[in-house]
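**Q** need coordinates for the below:
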Amino acid sequence: MTSKIALTFLGTGDQIPSRIRNHTSILLSFNEENILFDCGEGTQRQFRKADLNPCKITRILISHWHGDHVLGLPGILSTLASSGYSKTLFIYGPKGIKEKIKKTLEVFSFYKNYEIKIEEISQGIFYEGKNFYLEAEEMEHGIPALAYSFTEKGNSRIDKEKLEKSGLPEGPILQKLKSGEDVTYKGKKFKSKDLVYKEENKKISIVLDTKLNKRILPFVKDSNIFVCEGTYSEDLKKEAEERMHMTVSQAADVAKKGKVKKLIITHIGSRYSKNIKELLSEAKNIFPETTFARDLDKIEI
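**A** Model (predicted):
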């Protein structure tokens, strides 16, 4: 049975939270992994609202050190200490994050009874497990900033119809075929390539707080889900450029050119709370498979 990848949007607002949008945070769940992308103020309360347990977090990926993306971090770290968290917590982020977290732990003193491992990263694959890998790319936001992607590795599968016709038995012989070996059974040779197919990788890309730049498109290309900031409408393109953010039209254009399957826009400007449908239409006119994230939305692929 294929594992599901679940995305829970804990916060979808911009620099200033609103009544309906908390500061940015996204949880990706896959098998035993629970990966938190950013940790804006109020994130741990959002965990409770979503009926999620923060003690299941395995990794935290920080896009950049702006308050609306990290002010929830001291609270999460403290809560884990008070809740019997017993794993090693891995935190990744751009250059300078080690010193910033060190100072955070000094300011917000609590009894830390678990291990925290912090890794500063820049570009490329920074973690690879048996079934997935994590990748980063540098963005442009005035301070060190990163985009992230999660890729589930496609598994080798036996074609059930072809297997039934072949007469091959269950057991070790099928494992050999899945590993790419040809096998012989009752004097007949069976080629792996004739009975085995490879599932496609599943990729989720998350681009938060950056101005449009040439590195985004190749990084998110062919994503199943492309999560992107959309802080401004196109009529405020100049302001978006000055403040190093993206417009929803720019996000949609990247999605179209990158041939992604679905675009989810987050980090939505609070100024658009009364005309959100117009903003969505702006993006959908360019890339129809666009939705806007709402706090506590959950999707699975």
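**Q** and the strands in the stretch 151-300 of the chain?
**A** 156-158, 183-185, 188-190, 196-198, 202-207, 225-229, 263-266, 290-292, 298-300 (DSSP state E, counting those that start in this stretch).
**Q** closest to residue 66 out of those?
**A** Taking Cβ to Cβ, strand 225-229 is the member of the strands of the stretch 151-300 of the chain nearest to residue 66, at 11.9 Å. (C-beta placed from N, C-alpha, C; glycine too.)
**Q** output the contacting helices and strands for the closest one.
**A** strand 202-207, helix 248-257, strand 263-266 (3 or more Cβ pairs under 8 Å, 6 or more residues apart in numbering; DSSP states H and E).
**Q** nearest to residue 142, out of those?
**A** Using Cβ to Cβ, the nearest of the helices and strands packed on strand 225-229 to residue 142 is strand 202-207, at 15.6 Å.
**Q** centre of the chain to that closest one, how far?
**A** Its chain's C-alpha centre and that of strand 202-207 lie 5 Å apart, by Cα atoms, centre = their mean, to the nearest Å.
**Q** so where's the stretch 1-150 of the chain uncertain?
**A** 1-2 (pLDDT under 70).
**Q** returning to what we had before: pipe the strands of the stretch 151-300 of the chain into JSON lines and attach mean pLDDT, mean neighbour count and distance to residue 64 per row.
**A** Rendered in JSON lines, the data for those read as follows (pLDDT from 0 to 100; neighbours: other Cβ atoms under 10 Å; distance: least, Cβ to Cβ, whole Å):
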{"stretch": "strand 156-158", "mean pLDDT": "78", "mean neighbour count": "15", "distance to residue 64": "38"}
{"stretch": "strand 183-185", "mean pLDDT": "87", "mean neighbour count": "13", "distance to residue 64": "52"}
{"stretch": "strand 188-190", "mean pLDDT": "88", "mean neighbour count": "12", "distance to residue 64": "53"}
{"stretch": "strand 196-198", "mean pLDDT": "79", "mean neighbour count": "14", "distance to residue 64": "36"}
{"stretch": "strand 202-207", "mean pLDDT": "98", "mean neighbour count": "25", "distance to residue 64": "12"}
{"stretch": "strand 225-229", "mean pLDDT": "98", "mean neighbour count": "27", "distance to residue 64": "11"}
{"stretch": "strand 263-266", "mean pLDDT": "98", "mean neighbour count": "26", "distance to residue 64": "15"}
{"stretch": "strand 290-292", "mean pLDDT": "98", "mean neighbour count": "19", "distance to residue 64": "22"}
{"stretch": "strand 298-300", "mean pLDDT": "97", "mean neighbour count": "12", "distance to residue 64": "24"}
